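Chemist: fold the following.
(chains A and B, ligands or ions: 1)
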Amino acid sequence: MNRRVSLIKNLDWITIMLYAMLVFLGWINIYAAVYNEDHQSIFDATQRYGKQLIWIGAAFFIAIIILTIESKFYSAFAYPTLILMVVLLLAVLVFGVKVNGARSWFQLGTIRFQPAEFAKFATNLAIARYLSQHNFKIHKIKSLFITGLILFTPAVLILMQNDTGSALVYSIFVLVLYREGLSGFVLFLALLAAIFFVLTLIYSSFTVAILIIAIAAVSLKMIGVQVKQIVIAFGILAGSFGTLWLINKGTDLQLENFSLVVIAILLNTIPFLVHIYRQKITKAAMVLLMVIGSLFYTFSVSYIFNKILEPHHQKRINELLGIQSDPYGAGYNVNQSKIAIGSGGFSGKGFLNGTQTKFNFVPEQSTDFIFCTVGEEWGFLGSGVVLLLLLGLILRLLFLAERQRSSFSRIYGYGVAAILFFHIAINVGMTIGLAPVIGIPLPFFSYGGSSLWSFTILLFIFLRLDANRLELLR
Amino acid sequence: MNNYSNRRFIIGGIFAFVILIFLIRLFNIQIVNDQYKLSAESNSQRRVTQYAARGLIYDRNGELLVYNQAAYDIMIIPRQVKIFDTLDFCNLLGIEKEDVIKRIRKAKKYSRYRSSIFMKQISSERYAVLQEKLYKFPGFFVQTRTLRKYPHHNAAHTLGYLGEVNDKHIKRDKYYSKGDYIGKSGLENTYESVLRGAKGLKVYWVDVYNRIKGSFHDGDLDKNAVEGQNITTTLDITLQEYGEKLMQNKKGGIVAIEPNTGEILVKLSSPGYDPEMFVGRAMSENYRELANNDTLRPLFDRSMMATYAPGSIFKLVQALIALQEGIITPHTRFKCHNGYHVGRFTQKCHHHKSPLDLKESIQHSCNAYYAQTFRNILDAPRFGSVSESYTNWRRHITSFGFGGRLGTDLPSELTGFIPKASYHAKQLKTKNWKSLNIVSMAIGQGPLLITPLQMANMVSCIANRGYYYIPHIVKSIGDDGIIDPKFLEKQQTTIDPKYFEPVIDGMDLVVHGEDGTGRSAAIKDIRVCGKTGTVENPHGDDHSVFVAFAPRENPKIAIVVYVENGVWGSRYAAPISGLMIEKYLKGKISKNKKYLEKRMLDADLIHIEKDKEE
Ligand SMILES: [Zn+2]
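Modeler: You can find the predicted model right below:
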């Protein structure tokens, strides 16, 4: 009795409120998305909104069960849970049914179940368990290896089901690792890699090379190299490039400008290194190494994209980056989605008054593209509110995570926030043309029992842990 | 607490930063940029053209000549086509599976996203069955159109036909869009803007399957179609039909005009075709067949586009000009000894009494009389030179509407040819050419070319004693009945009314004189005035021509009949004219002329000619 009272008292009701609001908004938007005049009742269980209501009821039930389980249980059973999920992921590869090209569903009668959704919380539990161990040192090879094993096992299995979106979710654990001490440099490298990737494809390798050299110049100044020396070094580089350029023009080599830059730098590497050694500016060597690494990366991106990727992959990426526009082909979904959201204007067309979503112009409107209905019917105001509610939720989770005494709970909390963030970023980003179309659901909004339950489990385990935040879990 | 706890701000910052980017993006596409709103509207609208009912066409007595019948085009939007029961579909449309595949491929080639015609003009019976099953075939819908229908199968050349617009039409007039129909010839062409009305538009909400979900903006953008205006023509369809019957198995043309209004009563070209042949799916095939018929040329409207030498009928105008110019009087007599002889030159004539006066010269169609008269006109000292006299003569001639377009309301009217003085100078290679050089023009030969319509108009001038109204085919348009005012304007010839009576006396004698050449045109109780003619035909038998008007006082009809290869004017053209006039004025053919009617109906000049060729 006493325990129950203290549980209710210790639960974070702000998070639960945000959760309930998002689930409710999701439900009415599903109603709006698939609304048709023959089935006007929002409780009609033959329609998606009626079914979603059943899933919601079940989700509340699941939440209550999770809250009544002892928090010790979650850390104790973290590994077995993950093993169970891995087994299910293997089983689905054999016994699963294909839906939309992904073999990721179990079919039991009329009920379908997607193990990939539940692998998220299992992986998160396992990561939290492993990272919170005393002998875990993030920069130890063994620790990194086991962390990688925990993350890559489910990710690869999901990738094998042809569900790229759900597999990519595991990449977001880099944020959790960062919080637990992973060097910021890794995060920075990941970011830089993404930026160079995009720039290489939109502009040219040569442009990126110029950018890399400019960054190098600034970095050299920042680590204290004299301006005079920087100018001389770049003068030498420019001279080499000019000479090479003239040779290229005069002969029949027909090398690209990008190649000329690379050759110019490689030719000067030894003299530069000698100079660096003499002047004892070792940090400059790092910059030189960075430059060479970046150039190699840029070259690889361009090579892989043009020579290795299949045309339809190229198309998707080109479409996303705005290099190529094919509103009826690869870009159809995104284009229709942008039209739907864009037509919402400031305050939207009003509940059930959306035309784009209602008349099926937007594909997958109740699942992956549910945000279109929000954008079209509630406008900038409504979609802004939804985004802020989602941001509020994940920031609240960060706050909750930081107040845990136990690292297991903290790491798990960060995992929840990161997973939710990844889903929001990719799902909303995709509907407004800022992220590639990789079908992953919008947490609490998208139609579907599996995803709603998986997010509910993910969240409520943390709320249960948070209710015991003063205990030290092992 | 953990030494990395400050990193929460960086992670939280990343979260907030991404959401901020999203908000900016949303602000941009939802508020700043309205391109998406416009796209959304066109996305979910279907603009359905409301075709206006084309105006109906009546004859002068209110008899319906052209009306509309609904037809149904099956449209296809390839992208929306889903797998369907091909067998069922084929049965519904009565086509083969291969045909379906071919048509779908063709539509895809045009556009996968835009609708195009899958199958043209299915019958209303088929449509009734199809309509109920259409839901089974997503991507297909039906567009209603109207087709022309003809209760009388006559006057095809005059009424004209419709055809699909081509790129040129669309470029010239924005009203038209691909698949629209436009009047391509005849009345349908000249009165296109009146008959077509105005297309309307209905805008619907549609879903991605193009299923109509309701009216767009409560119908604010809808525009009702405006029906085309009806046209009452001047044609007398009964007479037209009778004329076409008389002309069956003969090549030629008939034009009949009401002289005191210029209204065209009959205008026909034989052989013609059934206007129904140019309606619907068989059109292009029929067109090809008719257009390839080189011997009979059924598409060729001889009444306006054939130009014949006027022949002896030209003598009527020559007489009028000579009277006006004071070259002759009604009592001037000339001798004729089987022709006109000057030195080695001879213009032959047939045997008749000699000398003869003006009216007798018309009655007997004396070549010598007109050779002499024409030379006297040209050699009259008043103008100083033959060339000047000729120019003055030509002024008189053109005042009858010869040598230029009359300005009728039908397309493809030809000018004919009345040479200018310079033409002769060029032909004869001298400025000082002599009247004898062109004396053959006196009797309507030489380079002269005249259309049957112009010829009928000339008869009108004589019947009116000196003026005409531009021949026209439309009596009234729409409810107001307004027509082009130029058709109500009297066109004066250069001939004084008093000079017409002697000529008309001659024409009277042609029909009623003892050995008149047009006696077969005579009608009991009606004074018909006429003139026979023969157009020399270097390719075969001469053409038979007859002009007439009746009754002599207060003429109600002026007519010209051309029968190609009819040899003499008196043989076919005169009797046919007589029958036409009688039919028009009396409503029926009297008993004593039944045998003549039968002979004309039975006469076959086409197949005889063919037999000869074979
Ligand atoms: Zn004679």
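Chemist: contacts only, for the residue most central in space within chain B.
Modeler: The residue lying closest to the centre of chain B (Cα atoms, centre = their mean) is B:Gly186, at 2.9 Å. If a contact means Cβ atoms under 8 Å, 6 or more residues apart in numbering or on different chains, then B:Gly186 has B:Ala156, B:His157, B:Thr158, B:Leu159, B:Gly160, B:Tyr161, B:Leu410, B:Pro411 as its contacts. No exception for glycine: its C-beta is placed from N, CA and C like everyone else's.
Chemist: quick check: it vs A:Tyr297, distance?
Modeler: Taking Cβ to Cβ, to the nearest Å as the measure, B:Gly186 falls 76 Å from A:Tyr297.
Chemist: check which residues of stretch B:487-496 are buried.
Modeler: B:Phe487, B:Gln491, B:Thr493, B:Thr494, B:Ile495 (16 or more other Cβ atoms under 10 Å in any protein chain shown).
Chemist: do you know how far the closest residue to B:Arg103 other than its chain neighbours is from B:Gln69?
Modeler: Leaving aside its sequence neighbours, B:Arg103 sits nearest to B:Phe118 (Cβ to Cβ, 6 or more residues apart in numbering or on different chains; 5.5 Å). Distance of B:Phe118 to B:Gln69, given as Cβ to Cβ: 21 Å.
Chemist: ok, A:Glu376 next?
Modeler: 45 Å.
Chemist: look at these two and report which has more neighbours.
Modeler: A:Glu376 (35 against 12; other Cβ atoms under 10 Å in any protein chain shown).
Chemist: settle this for me: that one is touching A:Gly344, isn't it.
Modeler: Yes. Using Cβ atoms under 8 Å, A:Glu376 makes contact with A:Gly344 at a distance of 4.4 Å.
Chemist: show me whatever sits in contact with both of the two.
Modeler: Any residue near both A:Glu376 and A:Gly344 by Cβ under 8 Å, 6+ apart counts here, and that gives A:Gly354.
Chemist: gap between the lengthiest strand in chain B and the chain center?
Modeler: Counting residues, the longest strand found in chain B (DSSP state E) is strand B:64-76. Distance of strand B:64-76 from its chain centroid, counting by Cα atoms, centre = their mean, to the nearest Å, is 22 Å.
Chemist: mind exporting the helix or strand following that strand as PDB, just the C-alpha atoms?
Modeler: Next helix or strand after strand B:64-76 toward the C-terminus (DSSP states H and E): helix B:86-93. Presented in PDB, the C-alpha positions along helix B:86-93 are these (Å, rounded to 0.1, in the frame of the first residue of the first chain):
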ATOM      1  CA  THR B  86      -9.700  -7.300 -69.300                       C
ATOM      2  CA  LEU B  87     -12.200  -9.800 -70.600                       C
ATOM      3  CA  ASP B  88     -15.100  -8.000 -69.000                       C
ATOM      4  CA  PHE B  89     -13.800  -4.700 -70.300                       C
ATOM      5  CA  CYS B  90     -13.400  -6.000 -73.800                       C
ATOM      6  CA  ASN B  91     -16.900  -7.300 -73.900                       C
ATOM      7  CA  LEU B  92     -18.300  -4.000 -72.600                       C
ATOM      8  CA  LEU B  93     -16.500  -2.100 -75.400                       C
END
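Chemist: who touches helix B:86-93?
Modeler: Under the contact criterion Cβ under 8 Å, 6+ apart, helix B:86-93 has outside partners B:74, B:96-97, B:99-100, B:119, B:122, B:126, B:129-130, B:133, B:136-137.
Chemist: who wins for most neighbours among those?
Modeler: Counting neighbours by other Cβ under 10 Å, B:Ile74 leads the contacts of helix B:86-93 with 22 neighbours.
Chemist: that residue is in contact with B:Met119, isn't it?
Modeler: Yes. If you go by Cβ under 8 Å, B:Ile74 and B:Met119 touch, sitting 4.4 Å apart.
Chemist: quick one on the thing from earlier: and the longest strand of chain B, which strands flank it?
Modeler: Strands that pair with strand B:64-76, judged by DSSP bridges, come out as strand B:57-58 (antiparallel), strand B:116-122 (antiparallel), strand B:140-149 (antiparallel).
Chemist: what's the angle from the longest one to helix B:86-93?
Modeler: Using axes from the mean of the first three to the mean of the last three Cα atoms, to 10 degrees, the inter-axis angle of strand B:140-149 relative to helix B:86-93 is 20 degrees.
Chemist: show me the contact partners of strand B:140-149.
Modeler: In contact with strand B:140-149 (Cβ under 8 Å, 6+ apart) are residues B:48-49, B:51, B:53-54, B:66-77, B:81, B:115, B:117-118, B:121, B:127, B:130-131, B:134, B:161-162, B:181, B:188, B:210, B:275-276, B:279-280.
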